[in-house]
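1. Fold the following.
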Amino acid sequence: MIHSTIQSLILLANSSTLSVEFEIFSLLAAFGWGFLASLTPCVYPMIPIIIAIFGTKDKTTSRKQAVLLATAYVGGTIITYCTLGVVFAYLGKQLGSILAEPWVIFPLCAFYTVLALSMFGVFTMSLPNRLNQTLSKVGSNKGYFGALSLGLIGGLTTLPCTGPFLASIVTVIANLQNLYIGVLLMFSYAIGISVLLWFLAIFSVSIPKSGYWMDSIKDLGGIFLLLVSLYLLRPVVPLLIDFTSNHWLFPTVACLFIAVGFYIKFFIDKKDPTLRRRITAIVLVFTGLFGLMNWILTPEKTFQWEDNEAIVFEKAKKAQVNIMLDFSAEWCLPCKEMDIKTFADKDVTNLISNHFIPFKIDVTSDENIVGAKLRKKYNANTLPNIIFVTDEGVEVGRISTFVPPEDFIKIAEKFVKIK
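-> Presented below is the predicted three-dimensional model:
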């Protein structure tokens, strides 16, 4: 189910692609992260400043002016976050494989863990008061430029609380390595984090009280940050990848863990909060979500992939069929989607098993010398990259984007060797 217009725009980005449903989910998730970030305590000091600048409590300020001022603020926020999206998408294109290097992964995971502990309330992260006061003075006039300026730098003031949410979005952008998607994700995140403030500026609604629901949101944010850490660790800690099963009981038990955790959190602990119940709920929900994440990222075993070039060409000559090379990496989300959706399809499996010798090359880390040489040999600069070659090594076609099963079959059938 691919919308051609969106897919065409992504192809123009000359980068790896995801299915439209995955893109829509990512955009909604980014909006959700932004909305949740707007509920965190660090945003509250901004609210009276924003209302004062927008003038919604000033009788001389019309509702139309309030709407325009609020929109100008949102515009400034969008510019800031979209710029970040471009930066991180560019860095991702240049340094995508670095996310699989231990010297990068371990400090990054430690950083996310620290942020998660902050979300759990183990300690508090905050900017110096002088810096907060300085930032609040920007755009102190009631003009549209003032509102735009406040939006441009407002994210710095809210960074201590919204940073953990933003860190997850940045990780996704670096993994996707797609400029177009990077900008869209940050655009969606900026809308999410600004929507409540936009309505506040227009209607001067009451500021929500912090309390149990706020703590619950922060706990959920901490859980997802820990999940990001474990996802990044997967390429260097194989034991994490093995924590899964294709049996239907595995996701069932994972969902049960999540359900019990939420029940403890919102029905038992809410009435009589204790540290032990809170920790139990967090552990159950985290374990269940991690199990589900691994289960989703683990494709069903359909056909046997070869991993030796010499053996692959020997088998291809003997069977008189062509070879399908699949360059993949643990940090490549479109590659995972190909494994889970396309290569797991029965019709695709039958086509590959009967007409090709499948050869998977893991390029997760640059330390894989064989994978690096093959990647250079076949000019597989982007991922995913599925290349069809003859038993003489002559390329007859390639796929450099995610394609669903039906489209893959139509393309691959063109490269079937006629005996």
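
2. Just confirm residue 334 is within a helix.
-> Yes: counting by DSSP: H, G, I helix; E, B strand; the rest coil, residue 334 falls inside a helix.

3. Now residue 344: closest residue in space, sequence neighbours ignored.
-> residue 300 (4.6 Å; CB to CB, 6 or more residues apart in numbering). Placement of C-beta: from N, CA and C, glycine included.

4. For the one you found, which three-state class applies?
-> coil.

5. Pretty sure it sits against residue 248.
-> No: counting by CB atoms under 8 Å, residue 248 is not a contact partner of residue 300; they are 11.9 Å apart.

6. more crowded one of those two?
-> Using other CB atoms under 10 Å, the more surrounded residue of residue 300 and residue 248 is residue 300, with 12 against 8.

7. Please tell me how far that one sits from residue 336.
-> Distance of residue 300 to residue 336, given as CB to CB, to the nearest Å: 13 Å.

8. Please report how far the residue nearest to residue 344 lies from residue 31.
-> Applying CB to CB to residue 300 and residue 31 gives a distance of 31 Å.

9. What of residue 351?
-> For residue 351 relative to residue 31 (CB to CB), the value is 38 Å.

10. Same question for residue 278.
-> 28 Å.

11. what residues are up against residue 409?
-> With contact taken as CB atoms under 8 Å, 6 or more residues apart in numbering, residue 409 is in contact with 347-348, 351.

12. Tell me the most packed of those residues, by neighbour count.
-> residue 348 (21 neighbours).

13. okay, the residue nearest to it when sequence neighbours are not counted: pLDDT?
-> With sequence-adjacent residues excluded and distances taken as CB to CB, 6+ apart, residue 348 is closest to residue 405, at 5.1 Å. We have a pLDDT of 93 for residue 405.

14. Count the neighbours of residue 405 for me.
-> Residue 405: 18 neighbours (other CB under 10 Å).

15. give the contact list for it.
-> 341-342, 345, 347-348.

16. got a list of what residue 284 touches?
-> Neighbours of residue 284 in contact, by CB under 8 Å, 6+ apart: 257-258, 260-261, 264.

17. Mind giving me the ChimeraX command for buried ones among the residues you listed?
-> This is how ChimeraX selects the buried members of the contacts of residue 284, with burial counted by 16 or more other CB atoms under 10 Å:
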select :257,258,261,264
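
18. Go through the contacts of residue 284 and name the one nearest residue 272.
-> residue 264 (11.3 Å; CB to CB).

19. I'd assumed residue 280 was in contact with that closest one.
-> Yes: checked against CB under 8 Å, the pair residue 264 and residue 280 is within contact range at 5.9 Å.

20. Which positions are bridged to the nearest residue to residue 319 once chain neighbours are set aside in the beta structure?
-> Nearest residue to residue 319, sequence neighbours excluded (CB to CB, 6+ apart): residue 357, at 6.9 Å. Taking DSSP bridges as the rule, residue 357 bridges to residue 323.

21. Show the contacting residues for residue 357.
-> 306, 312, 315-316, 319, 321-324.

22. Assign residue 388 to helix, strand or coil.
-> strand.

23. Pull the number of nearby residues for it.
-> 21.

24. Isn't it up against residue 396?
-> Yes: using CB under 8 Å, residue 388 is in contact with residue 396, at 5.1 Å.

25. Now do the shared contacts for those two.
-> 322, 415.

26. Flag every buried residue along the helix or strand where residue 313 lies.
-> Taking DSSP states H and E as the criterion, residue 313 maps to helix 309-319. For helix 309-319, the buried set under the neighbour-count rule, 16+ other CB under 10 Å, comprises 309, 312-313, 315-316.

27. Rounded mean pLDDT for the one helix or strand residue 376 maps to, please.
-> Assigned by DSSP H and E, residue 376 belongs to helix 369-377. Averaging the model's pLDDT scores along helix 369-377 yields 90.

28. ok, back up a step: tell me the two of the contacts of residue 405 that are most distant?
-> Longest span within those, CB to CB: 341 and 347, 12.5 Å.

29. quick one: least confident helix or strand in the chain?
-> helix 4-12 (a mean of 35; mean pLDDT, DSSP states H and E).

30. list the helices and strands the following helix or strand past that one packs on?
-> On the C-terminal side of helix 4-12, the closest following helix or strand by DSSP H and E is helix 20-37. Helix 20-37 sits against helix 4-12, helix 144-176, helix 179-203, helix 212-233, with contacts defined as 3 or more CB pairs under 8 Å, 6 or more residues apart in numbering; DSSP states H and E.

31. Where among those helices is average confidence lowest?
-> For the helices and strands packed on helix 20-37, where the average pLDDT is lowest is helix 4-12, sitting at a mean of 35.

32. Once you drop chain neighbours, what's closest to residue 185?
-> That would be residue 30: by CB to CB, 6+ apart, it lies 4.5 Å from residue 185.

33. Please report the distance of residue 188 from residue 33.
-> Residue 188 is 9 Å from residue 33, by CB to CB.

34. do the same with residue 311
-> 45 Å.

35. Quickly find the element holding residue 359.
-> Going by DSSP H and E, residue 359 is part of strand 356-362.

36. could you give the angle of that strand to helix 369-377?
-> 110 degrees (axes from the mean of the first three to the mean of the last three CA atoms, to 10 degrees).

37. What average pLDDT does strand 356-362 get?
-> Averaged over strand 356-362, pLDDT sits at 94.

38. Buried residues, it. List them.
-> Applying 16+ other CB under 10 Å to strand 356-362 flags 356-362 as buried.

39. Closest one to residue 416 out of the residues you listed, please.
-> Checking those one by one against residue 416 (CB to CB), the nearest turns out to be residue 356, at 7.8 Å.

40. got a list of what the nearest residue to that closest one once chain neighbours are set aside touches?
-> Closest residue to residue 356 apart from its sequence neighbours, by CB to CB, 6+ apart: residue 324 at 4.3 Å. Counting by CB under 8 Å, 6+ apart, residue 324 makes contact with 352, 356-359, 386-388, 412.

41. would you list those residues in CSV and tack on distance to residue 240?
-> Output for these, formatted as CSV (distance: CB to CB, whole Å):
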residue, distance to residue 240
352, 28
356, 31
357, 30
358, 25
359, 26
386, 26
387, 29
388, 33
412, 32
